[in-house]
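Asker: next comes the sequence, and after it the predicted model I'd like to discuss.
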Amino acid sequence: FAEPTQIYRFLRTRNLIAPIFLHRTLTYMPHKNSKSTSEKRKVFKLDEMLSRVEDQMKGDPSAPSTQSGHLQLNFTGFFHTSGTEKTTQNSENEQNSAILEVLLVKVCHKKRKDVSCPIKQVPLGKKQVPLNPPVVGGSSKAGAGAGCPSLSIPHGEFQPGNPHLVKSYSLLFRIYRPLGREGQGAAGLARDADENLDVTDDIPSKRRRSSCHREDTEKVYTSELTVFDKNRRCQLLDGEYEVAMQELEDCHISKKRATWETFLEGKKLPPLETFTQGPTLQFTLRWTGGAMDKAFTPSAKPLTPRNIVDPSASADGRNAATQKPAAPTGTSGVKDQLSSSVQVKKEPGQMEPQKKLRIYYQFLYNNNLRQQTEARDDVHCPWCTLNCGKLYSLLKHLKLCHGRFIFNYVPLTKGARIDVSVNECYDGSYAGNPQDIHSQPGFAFSRNGPVKRTPVTYILVCRPKRPKPSLSEFLESDELEVEQQRPYVSGHDRLYFHKDTCLPLRPQEMDEDSEDENDPEWLREKTVLQIDEFMDVNEGEKELMKMWNLHVMKHGVTMLAKGEGHFCYFINVEQWGPRLLEMGLFQNLLLHLISLHDFNLIGQASVQAAMLRLRRLRQRHLAAL
């Protein structure tokens with residue numbers, strides 16, 4: 001079971017990124033496409049699409065724009081305990097508070113001329129947050145009171161004018177914490193010492209004095225949180241947050257010096273002690289906006305938790321119960337949805353999940369060893385985590401989408417059991433176009449222009465007489481029928497190779513007879529280039545050698561061995577005669593034929609017949625002029 005499971009997990013991830021089809025369009029999942037769009041279609045007008053988008057871009061409050069909602073941030077306080085810096089209860093409000101600056105960082109897409117991704121920082125505002133507020137019962141008094149500093153960020157800040165400009169959004173927090181008198185005195189002594197030592201600094205004195213003054217009076221802590229990643233997925237949920245802050249000098253850490261931390265007994269780990277002693281910022285986050293919450297607020301639980309009934313499913317059940325009469329006991333739930341008002345008889349083996357349906361998966365090893373899993377109270381597919389909604393849809397999905405296994409449905413008193421075994425007869429070979437396997441990158445999708453394809457037919461739609469949905473089709477049959485996958489590809493799906501070069505035969509070469517091929521195009525070009533490189537022959541001899549070699553490659557050397565040389569020369573004269581006369585190669589051809597006669601390759605009759613044909617051709621050529 002391990003190998004098919006890994007394959008289906010990989011297919012699940014790939015289908016999430018680039019889905020091949022939508023599950024809500026399948027006939028055995030009618031609940032997936034339960035949204036009624038008939039009312040919207042009646043009032044829909046194509047001319048209103050542009051005005052609707054323009055209203056959203058302008059921020060019209062009457063338009064159904066995403067800018068009506070907000071991201072609400074309520075800051076509890078800034079916590080930092082240090083042994084050298086102490087805060088007193090008698091200090092002023094400025095000593096018990098810190099300045100918080102929030103910026104929205106927009107990472108844009110990199111263009112060709114850019115070295116790195118351009119970053120834009122939009123200031124959202126500054127707030128005065130309490131410093132080390134007292135904590136009572138796990139929550140601070142400042143966070144519980146109504147005077148908690150808050151910041152609202154409209155949804156329009158996360159909606160760019162062009163969606164291709166901004167890649168990700170993140171929030172940058174900066175804390176400006178004032179130092180105490182002791183800290184200021186120590187920093188002042190250090191500043192005087194530095195000024196006495198470093199006199200010939202290239203930095204302007206005004207800038208150096210301003211930076212030293214800022215460092216002496218306050219410390220800056222920063223932290224960054226990602227709101228939307230590059231895939232437009234929200235990373236922040238509603239809840240309470242505690243963010244670890246870092247000093248501005250210690251923020252830039254070289255990636256080359258990153259090391260792994262080990263958990264040892266008695267060793268203090270700075271990353272873990274940051275939330276107990278280090279600087280942290282506490283705040284609560286909430287997405288608001290009414291109807292637009294679902295579009296922006298991420299889902300904390302993508303799957304329905306076990307032992308908990310889905311509220312949406314229960315609501316749909318209540319609505320369905322109010323719209324149609326109750327079905328008699330024993331009626332199939334699948335048929336209830338298809339025909340709500342028609343009462344059907346009870347069929348054996350039918351069961352519909354009601355309040356809580358406990359599903360057991362029993363894995364069979366060689367029809368002997370059995371392993372049963374724990375009960376599941378949902379109808380999610382164990383391999384691709386798809387919420388099927390109903391037991392019938394789950395069984396249909398398992399049978400059609402996971403053909404490497406064999407599933408048998410066994411009804412139980414308070415649930416169902418699904419027996420899973422490996423399908424030994426599953427054909428896992430490639431059933432598509434064989435040229436796609438050996439094609440080079442960029443050739444499979446015709447990037448170099450239109451290409452000829454092999455005659456392969458893909459059956460995309462197959463609509464036989466569909467039977468009524470019933471769970472009895474998933475029961476184990478008494479007959480020993482081997483489940484085999486029906487091939488969905490018909491046509492010429494074999495791949496052939498050239499006899500001499502062992503290269504795969506391309507689709508445009510299928511119509512040519514390749515049994516006696518001796519002159520592929522690349523070999524003819526290579527032969528011509530090699531003859532052009534000869535240095536001890538003249539141009540006329542080169543042209544004659546090209547014609548003769550290409551002619552022999554085309555018709556084969558076996559014609560000479562079988563005594564068919566005279567026929568070969570007749571074809572040569574008829575084919576290349578006008579070109580020979582045009583280039584003045586009459587004498588060169590005669591010398592070439594005499595050389596072949598000296599080696600006893602051809603006879604005198606062949607030489608005389610070839611030259612006679614060439615003389616007649618020359619006479620006709622001169623008469624035409």
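Answerer: Alright, I've got the coordinates.

Asker: tally of neighbours for Ala610?
Answerer: Using other Cβ atoms under 10 Å, Ala610 has 22 neighbouring residues. Every C-beta, even on glycine, is put in place using the N, C-alpha and C of the backbone.

Asker: could you pull up the residues touching Arg404?
Answerer: Neighbouring residues of Arg404 by Cβ atoms under 8 Å, 6 or more residues apart in numbering: Pro4, Ile7, Tyr8, Val422, Asn423, Tyr426, Gly428.

Asker: distance of it from His380?
Answerer: Applying Cβ to Cβ, to the nearest Å, the value for Arg404 to His380 is 19 Å.

Asker: can you show me the helices along the stretch 401-550 of the chain?
Answerer: 435-438, 521-532, 539-555 (DSSP state H, counting those that start in this stretch).

Asker: quick one: average pLDDT of the first one?
Answerer: Put plainly, it is helix 435-438. In this model, helix 435-438 has an average pLDDT of 61.

Asker: do the second one as well
Answerer: Mean pLDDT, taken over the full extent of helix 521-532, equals 89.

Asker: that older thread, of all the contacts of Arg404, which comes closest to Leu612?
Answerer: Gly428 (67.1 Å; Cβ to Cβ).

Asker: mind checking pLDDT for the closest one?
Answerer: Gly428 carries a pLDDT value of 72.

Asker: show me what Lys120 is bridged to.
Answerer: Lys120 forms beta bridges with Lys106, as assigned by DSSP bridges.

Asker: my read: it touches Leu103, true?
Answerer: No - the pair Lys120 and Leu103 fails to qualify as a contact (Cβ atoms under 8 Å) at a distance of 9.8 Å.

Asker: just want to know which of those two has more residues nearby.
Answerer: Legend: neighbour count by other Cβ under 10 Å for Lys120 and Leu103, higher for Leu103 (18 against 12).

Asker: isn't the more buried one right up against Tyr169?
Answerer: No - between Leu103 and Tyr169 there is no contact, the gap being 11.2 Å when judged by Cβ under 8 Å.

Asker: list the buried ones in the one helix or strand Arg14 maps to?
Answerer: According to DSSP states H and E, Arg14 maps onto helix 2-17. For helix 2-17, the neighbour count (16 or more other Cβ atoms under 10 Å) marks Pro4, Tyr8 as buried.

Asker: average pLDDT for the next helix or strand after it?
Answerer: Tracing the chain past helix 2-17, the next element assigned as helix or strand by DSSP H and E is helix 38-43. Across helix 38-43, pLDDT averages out at 76.

Asker: okay, buried residues for helix 38-43 please.
Answerer: Buried residues in helix 38-43 (16+ other Cβ under 10 Å): none.

Asker: returning to what we had before: dump the helix holding Arg14 to CSV, restricted to CA.
Answerer: Coordinates of each C-alpha in helix 2-17 appear next as CSV, following Å, rounded to 0.1, in the frame of the first residue of the first chain:
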residue,chain,number,x,y,z
ALA,A,2,3.0,2.4,0.4
GLU,A,3,3.8,2.9,-3.3
PRO,A,4,0.2,3.7,-4.5
THR,A,5,-0.3,5.9,-1.4
GLN,A,6,2.8,7.9,-2.3
ILE,A,7,1.6,8.2,-5.9
TYR,A,8,-1.8,9.5,-4.9
ARG,A,9,-0.4,11.9,-2.4
PHE,A,10,1.8,13.4,-5.1
LEU,A,11,-1.2,13.6,-7.5
ARG,A,12,-3.1,15.4,-4.7
THR,A,13,-0.5,18.1,-4.4
ARG,A,14,-0.2,18.5,-8.2
ASN,A,15,-4.0,18.8,-8.6
LEU,A,16,-4.1,21.5,-5.9
ILE,A,17,-1.5,23.5,-7.9
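
Asker: which other helices and strands does that helix contact?
Answerer: Counting contacts by 3 or more Cβ pairs under 8 Å, 6 or more residues apart in numbering; DSSP states H and E, helix 2-17 is packed against no other helix or strand.

Asker: for that helix, give me every contacting residue.
Answerer: Counting by Cβ under 8 Å, 6+ apart, Trp383, Cys384, Thr385, His402, Arg404, Phe405, Val422 sit against helix 2-17.

Asker: again, but for stretch 70-80
Answerer: Residues from elsewhere that reach stretch 70-80 (Cβ under 8 Å, 6+ apart): 98, 100, 102, 127, 129-133, 139-140, 142-143, 148-155, 175, 177, 221, 227, 240, 245, 278-289.

Asker: can you check stretch 579-593 too?
Answerer: 540-541, 543-544, 547-548, 569, 602, 606-607, 610-611, 614, 617-618, 621.

Asker: may I ask which two of those are separated the most?
Answerer: Maximum distance among those (Cβ to Cβ): 24.9 Å, for Ile602 and His621.

Asker: the two: which is more packed in?
Answerer: With neighbours defined as other Cβ under 10 Å, Ile602 and His621 compare such that Ile602 has more, 20 against 13.

Asker: which of the three states applies to the more buried one?
Answerer: Of the three states, Ile602 takes coil under DSSP: H, G, I helix; E, B strand; the rest coil.

Asker: which residues does Tyr360 contact?
Answerer: Gln372, Thr373, Glu374, Ala375, Arg376, Leu412, Gly415, Ala416, Arg417, Ile418.

Asker: which among the contacts of stretch 579-593 count as buried?
Answerer: By neighbour count, with 16+ other Cβ under 10 Å, the contacts of stretch 579-593 hold 541, 543-544, 547-548, 569, 602, 606-607, 610-611, 614, 617 as buried.

Asker: and the residues you listed, which is the shakiest by pLDDT?
Answerer: Least confident entry in the buried ones among the contacts of stretch 579-593, by pLDDT: Tyr569, with 59.

Asker: redo the helices of the stretch 401-550 of the chain as JSON lines? Include distance to Pro507.
Answerer: Output for the helices of the stretch 401-550 of the chain, formatted as JSON lines (distance: least, Cβ to Cβ, whole Å):
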{"stretch": "helix 435-438", "distance to Pro507": "6"}
{"stretch": "helix 521-532", "distance to Pro507": "16"}
{"stretch": "helix 539-555", "distance to Pro507": "23"}
